[in-house]
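# how would this look folded up:
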Amino acid sequence: MSSYDPDALECLAAIVEEGGFERAARRLSITQSAVSQRLRALESQVGTVLIVRSRPLRPTSAGQLLLKHTKMLRLLRVDLERDLKELAPSSLGGVREDERISIAINADSIATWAMPALTGLAQQGLPLEIIADDQDFTHEWLREGQVLGCVTTLKQALRGCKVVALGAMEYVAVAAPALVADRLASAVLTAHNFRELPFVAFNRKDDLQSEFVGKAVGLKRVTLNQLFVPSSEGQVRAVLAGWGASVVPRVLVQPLVDEGRLLNLAPACVLPVQLYWHCWNLESEVLDALTAALKQSSARSLLT
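Now for the predicted structure:
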């Protein structure tokens, strides 16, 4: 098997992660011409194109494999440096950009239970990069080799990965009392009145709103008038401001419901969404520490 130049591999990763040759050059502190030369040399060695020159740039299938290999090397490096630090703490410098440990987590988990899980590791110096996406799509980042782990709704383990059940996050539908009083004759969603309210969704991939409303009102398929706010906390702020209703994690809004600042529009309906942690199936202290931290925090916040 060929041995690949680590600098060329990191060059490929920088192009993909930074989204272009110029930004990759700045990150690597080399010229843009040097970036192109390293990529061409790597493509020549592999015998195929590794980057599709589109907007945005994206790796080819071969590029994705090398990108995954590069991230595995980063993980091994971080494992090694953690071990060395225990033996000779003063011998290690700061974290390099190419040592970033990337994981994909859905925004609702970031806004609730995931950050406390990762705080200890971040304080210990683990160079984390958290990528936010919808819980139904975070596994694509792992499939493409761009992260080493993800929190997702996908139950089946991806090839070369292991999976751990974390628990279920409960979702409820809420709205501001003034909006409900202005738009609805009843403070509870029904098959006849849900169209009177706009719903604040995370983004266009978010089908949680329609899934919840359909379950709450007894319809197989519903069409909603939606606004989009790509932030869990932002969705709650938009609801408080009267933009519309929204289906959000119960743990995020229950205090506001208790205070009377928001109304639960379907008290008899709760939508549980099961979450799983997927990561590469490698022997790694870093992966073990991430898995243990996420399991411990989710056990306190999610339904098992």
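
# what helix or strand does Gln45 sit in?
Per DSSP states H and E: Gln45 is located in helix 32-46.

# same question for Gly125.
Judged by DSSP H and E, Gly125 forms part of no helix or strand.

# tell me how many other residues crowd Leu39.
Residues near Leu39, counting by other C-beta atoms under 10 Å, number 21. C-beta here means a position set from N, CA and C on the backbone, and glycine is covered the same way.

# I'd say it and Ala13 touch.
No - assessed by C-beta atoms under 8 Å, Leu39 is found out of contact with Ala13, at 10.9 Å.

# now the helix holding Gln45, how far from the centre of its chain.
31 Å (C-alpha atoms, centre = their mean, to the nearest Å).

# mind listing what Arg195 touches?
224-225 (C-beta atoms under 8 Å, 6 or more residues apart in numbering).

# show the pLDDT at it.
For Arg195, the pLDDT comes out at 95.

# that one and Val16, how far apart?
Distance, Arg195 to Val16, using C-beta to C-beta, to the nearest Å: 43 Å.

# what residues of stretch 254-267 count as buried?
256, 262-266 (16 or more other C-beta atoms under 10 Å).

# look up phi and psi at Met169.
phi -90, psi 130 (degrees, to the nearest 10).

# nearest spatial neighbour of it, skipping sequence neighbours?
Val273 (5.1 Å; C-beta to C-beta, 6 or more residues apart in numbering).

# ok, that neighbour - contacts?
Residues near Val273 by C-beta under 8 Å, 6+ apart: 135, 153, 168-171, 208.

# neighbouring strands for whichever strand or helix holds it, and are they parallel or not?
For Val273, the host element (DSSP H and E) is strand 271-280. Each strand paired with strand 271-280, and its direction, by DSSP bridges: strand 149-152 (antiparallel), strand 161-175 (antiparallel).

# pick the most deeply packed of the ones you listed.
Counting by mean count of other C-beta atoms under 10 Å, strand 149-152 has the highest mean neighbour count of those, with a mean of 27.

# what's the average pLDDT for it?
94.

# which parts of stretch 105-124 are buried?
105-114, 117-118, 121.

# of these, which belong to helices?
Residues of those located in helices (DSSP state H): 107-111, 114, 117-118, 121.

# just give me the closest of these to Leu9.
Of all those, Leu9 sits closest to Leu121, with 25.1 Å by C-beta to C-beta.

# where along the stretch 101-250 of the chain do the helices fall?
Along the stretch 101-250 of the chain, counting by DSSP state H, counting those that start in this stretch, helices occupy 107-111, 114-123, 138-143, 177-183, 208-217, 232-240, 250-258.

# quick one: closest of these to His69.
Nearest of the helices of the stretch 101-250 of the chain (C-beta to C-beta): helix 138-143, 14.5 Å.
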